[in-house]
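Trainee: Sharing a model prediction with you, sequence too.
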Amino acid sequence: MPEQKPVAHRSFRLGVAGPVGTGKSSLIALLCRELSGTLRLGVITNDIYTDEDARFLRSAGVLDPERIRAVETGACPHTAIRDDITANLLAVEDLEADFDPLDVVLVESGGDNLTATFSPALVDAQLFVLDVAGGGDVARKGGPGIARADLLVLNKTDLAPHVGVDVPRMIADAGEARGGRPVVALSRLDRASVEELTAWLRATLAEFRTGRHVPQDPGPMAPHSHADGMTHAHGDEQDDEHGHGDERGHHDEHGHHDEHGHHDEHGHHDEHGHHDEHGHHDEHGHGDEHAPLLTSHPSS
Amino acid sequence: MASPDLVLALLADARLPVGAHTQSAGLEPAVVHGGLTVADVPAFLRGRIATVVAVDAGTAVVARHLSLAGADLTAVEEAWAARTPSQALRQASRTLGRGYLRLAQRLWPGEARLAALTRTPARPVVLGVVAALAGLDAARLVRLCGHEDVATVGAAVLKLLPGDPADTVAWTLAAHPAIEALVARTAALTSPQEIPATAAPLVELQSLQHARTPRRLFHA
C-alpha cells in the first residue's frame, strides 16, 4: 500500500561536493566518527553506481547502516544535486521521517567536476573538497564551489611533501579566490585541523538553528566584472559580509527593478545568462512561502 | 488555462524536475539481466507500450476522469497495484509519483485534489490528477504516458549501450503508431475495472532482479 508518514522535523542539510577522489566519502566518515556521539546524523550518497559510497560508509562502521542511504543519479550526478533535486529531497525527507529528529543530514555529491555545486533548495550549506594531490594550482583556478561554497576543504595535507605541493601557497590562493570565506586545510592525521572542521560545522548548525541562516548558492558561473569596476557573483545576493554587492542594493544603485533585464542594461551578453534561477525571484526576502527549503522551519 | 499542447510539451519535457532522470523504464534491468542489445530496443519499446505502458496509461486516464468528477482515487490506485505485480516496479512508480506530486503542489498550492492523494501515489495516478488540473485531455494524457516511456528508454540507452543519439529519436518517432493505438485503446476508459491488465513477466522479473543488483546506474 502507499505509505502515509507524519511530517518530520527539519534537519540541517549539509552538502559535500568536490571532484572525484578528493576524499568526500572519507571526510563524511570522519565527520560521523567525530560527531555521532553528540549529534543525530544521517547520510545520503550520490554516486555513479548506486551504492559504492554508501557501502564504503556502512563498512566504515561509523554510523548505523540504516542511516546511510544511496540515491541513483542515472549517471547524472550533476543533475541530481542541481537541476533536478527530487530524488535527493525525497531521500532526505525519508531519513528525517525514519529517524526523527535528526540534527544533520550530510548529502554527498557524486564525484563530478569543478563546476558541480548544490542547489540551495536541497542543502542549507555546502562544503567543497579539494585535495593537495590534485595539484597546487587547482585552488587558484577557482570555480563556483572553490570560490563560494560555505567552506572549502583542502584535504590530505599530509600528502603535500609527496606530491610537491606548497600547502601555505595553496591556502593563500584559495583565500584569494574566496574573498575571505573560510578554508580548512585538513588531514585526518592532524587533530587540530579535524577540530577546526567540526567547529565550523557546529557553528554553522548553531546559526541554522537561530533561523537566520540563509542558504547561499555558489552558482554555476564564475564571478564577473561590471563596467563600473564592481565584481560580484550572482549567488551572493544575501551575502553582505564579504562586500560583494548585495543584489538588492545593486539593483537600487543602478535603478534596476527588472529581474530579467539586468544584463541588457549593462550591455552584457554573457551566454550563460546573468540571472540565476534561485536568486532573483527572492527580492522580498526569505519568507517565500513556496520555498520552505530555503529557511529553517523546525516544525515542517 | 494554458494551451493543452503546451501543457503536454511541459509535462513531456525531460527537464521537468520530478526525478525521472533516475529511471530507465526497465532498460537497465533488461540489459543487465536479459542481455538486451541495441538491435532489440525497438521491439522492447513496442512490448512495453502493449503491456506496462497500457496499464499506466489506462490508470492515468481513469484517475483523470474520476478526479474531474470529484471522486475518490483509492480504487484506481488499487487497480493499478493489482496490475503491477512487481514490488520493485510499484516502488519505482511511487517514487516518481512523489516527485510529480511535490512539483504539482508547488504549481497548484493548496489544491484539494492533490492533498487528497496519499504520500506516495503511483505516478499514473498523480499524472491523472495533474491532467485534470492542467486541462489536459485523455488522449494527450495517453500520448504523454507513451512518449515518456519511449523517451526514458532512449535516454537510458545512451548511458548503457553504445549508439548514435539520433537513433533514439528515430525509435521515438517510429513508436508513434503504437502510441496512437494505445490512445484508441485507453483514452475513453472511465472505471478502474476497465484498466488493461496486461502482464509483462520478463519486465517484472528483471525489475526484481535489478532491485537486488549492486552497481546500478538507474533506479529501475
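Mentor: That came in fine, so what should we check first? Just so we're clear, the structure is a prediction, and the values are computed from it rather than from any experiment.
Trainee: which residue ends up closest to the midpoint of chain B in space?
Mentor: residue B:145 (5.0 Å; C-alpha atoms, centre = their mean).
Trainee: cool, chain A as well?
Mentor: With distances taken as C-alpha atoms, centre = their mean, residue A:126 lies nearest the centre of chain A, 1.9 Å away.
Trainee: how about the strands of the chain, start to end?
Mentor: This is for chain A. Secondary structure of chain A (DSSP state E): strands located at A:12-17, A:41-47, A:68-72, A:104-108, A:125-131, A:151-155, A:183-185, A:224-225, A:231-232.
Trainee: Let me rephrase: I mean chain B.
Mentor: Counting by DSSP E, chain B contains no strands.
Trainee: How many neighbouring residues does the nearest residue in space to residue B:155 that is not next to it in sequence have?
Mentor: Sequence neighbours aside, residue B:14 is the residue nearest to residue B:155 in space, at 6.5 Å (criterion: C-beta to C-beta, 6 or more residues apart in numbering or on different chains). For the C-beta atoms, the positions are set from N, CA and C on the backbone; glycine is no exception. Other residues within reach of residue B:14, judged by other C-beta atoms under 10 Å in any protein chain shown, total 12.
Trainee: Chain B: helices as residue ranges?
Mentor: Using DSSP state H, the helices of chain B run over B:4-12, B:27-34, B:41-50, B:52-68, B:74-82, B:87-107, B:112-115, B:123-134, B:138-160, B:165-174, B:176-186, B:201-211.
Trainee: Pretty sure residue B:95 sits against residue B:18.
Mentor: No. Counting by C-beta atoms under 8 Å, residue B:95 does not reach residue B:18; the two are 9.9 Å apart.
Trainee: between the helices of chain B, which gets nearest to residue B:219?
Mentor: helix B:87-107 (5.7 Å; C-beta to C-beta).
Trainee: what about the closest one and chain A, touching?
Mentor: Yes. With C-beta under 8 Å from any C-beta of the partner chain as the measure, helix B:87-107 is seen reaching chain A through B:94-95, B:98-99, B:102-103, B:106.
Trainee: Name the single longest helix found in chain A.
Mentor: Assignment by DSSP H gives helix A:191-209 as the longest helix of chain A.
Trainee: hang on, the earlier thing: surely the residue nearest to residue B:155 and residue B:156 touch.
Mentor: No. Using C-beta under 8 Å, residue B:14 is not in contact with residue B:156, being 11.3 Å away.
Trainee: Can you work out which residues contact both of the two?
Mentor: Listed as contacting both residue B:14 and residue B:156 by C-beta atoms under 8 Å, 6 or more residues apart in numbering or on different chains is no residue at all.
Trainee: Name the residues of chain B found near chain A, please.
Mentor: Residues of chain B lying near chain A (C-beta under 8 Å from any C-beta): B:15-24, B:77, B:81, B:94-95, B:98-99, B:102-103, B:106, B:109, B:118-122, B:156, B:159, B:214-219.
Trainee: 6 Å instead?
Mentor: With C-beta under 6 Å from any C-beta of the partner chain as the criterion, chain B comes near chain A at residues B:17-19, B:21-22, B:98-99, B:106, B:118-121, B:159, B:214-219.
Trainee: one step back: possible to save the strands of chain A as a markdown table with mean pLDDT and distance to chain B?
Mentor: Output for the strands of chain A, formatted as a markdown table (pLDDT from 0 to 100; distance: least, C-beta to the nearest C-beta, whole Å):
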| stretch | mean pLDDT | distance to chain B |
| --- | --- | --- |
| strand A:12-17 | 97 | 16 |
| strand A:41-47 | 93 | 9 |
| strand A:68-72 | 91 | 4 |
| strand A:104-108 | 97 | 15 |
| strand A:125-131 | 96 | 19 |
| strand A:151-155 | 97 | 26 |
| strand A:183-185 | 97 | 32 |
| strand A:224-225 | 46 | 26 |
| strand A:231-232 | 50 | 27 |
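Trainee: can you tell which of the ones you listed is closest to residue B:37?
Mentor: Comparing these by C-beta to C-beta, strand A:68-72 comes nearest, at 22.9 Å.
Trainee: helices and strands around that closest one, which ones?
Mentor: Here strand A:68-72 touches strand A:41-47, helix A:52-60, helix A:86-98, going by 3 or more C-beta pairs under 6 Å, 6 or more residues apart in numbering or on different chains; DSSP states H and E.
Trainee: one step back: put the buried members of the residues of chain B next to chain A into a ChimeraX selection.
Mentor: Here is the ChimeraX selection string for the buried members of those, based on 16 or more other C-beta atoms under 10 Å in any protein chain shown:
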select /B:17,18,19,21,22,98,99,118,119,120,121,216,217,218,219
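Trainee: where are the low-confidence patches of the stretch 1-150 of chain A?
Mentor: Within the stretch 1-150 of chain A, the segments meeting pLDDT under 70 span A:1-6, A:50.
Trainee: let's see it at 80
Mentor: Scanning the stretch 1-150 of chain A with the threshold set as pLDDT under 80 gives A:1-7, A:47-51, A:111-113.
Trainee: what's the answer for chain B, then?
Mentor: For chain B, the stretches with pLDDT under 80 are B:1-2.
Trainee: Same question for the stretch 201-300 of chain A.
Mentor: In the stretch 201-300 of chain A, residues with pLDDT under 80: A:220-300.
Trainee: tell me how far the ends of stretch A:97-104 are from each other?
Mentor: 13 Å (C-alpha to C-alpha, to the nearest Å).
Trainee: residues of it that come out buried?
Mentor: A:97, A:99, A:102-104.
Trainee: Ok, stretch A:23-41 next?
Mentor: For stretch A:23-41, using 16+ other C-beta under 10 Å, the buried residues are A:23-32, A:34-35, A:39-41.
Trainee: same check, this time on stretch B:80-100
Mentor: Neighbour count says stretch B:80-100 has B:80-81, B:83-84, B:86, B:88-100 buried, by 16+ other C-beta under 10 Å.
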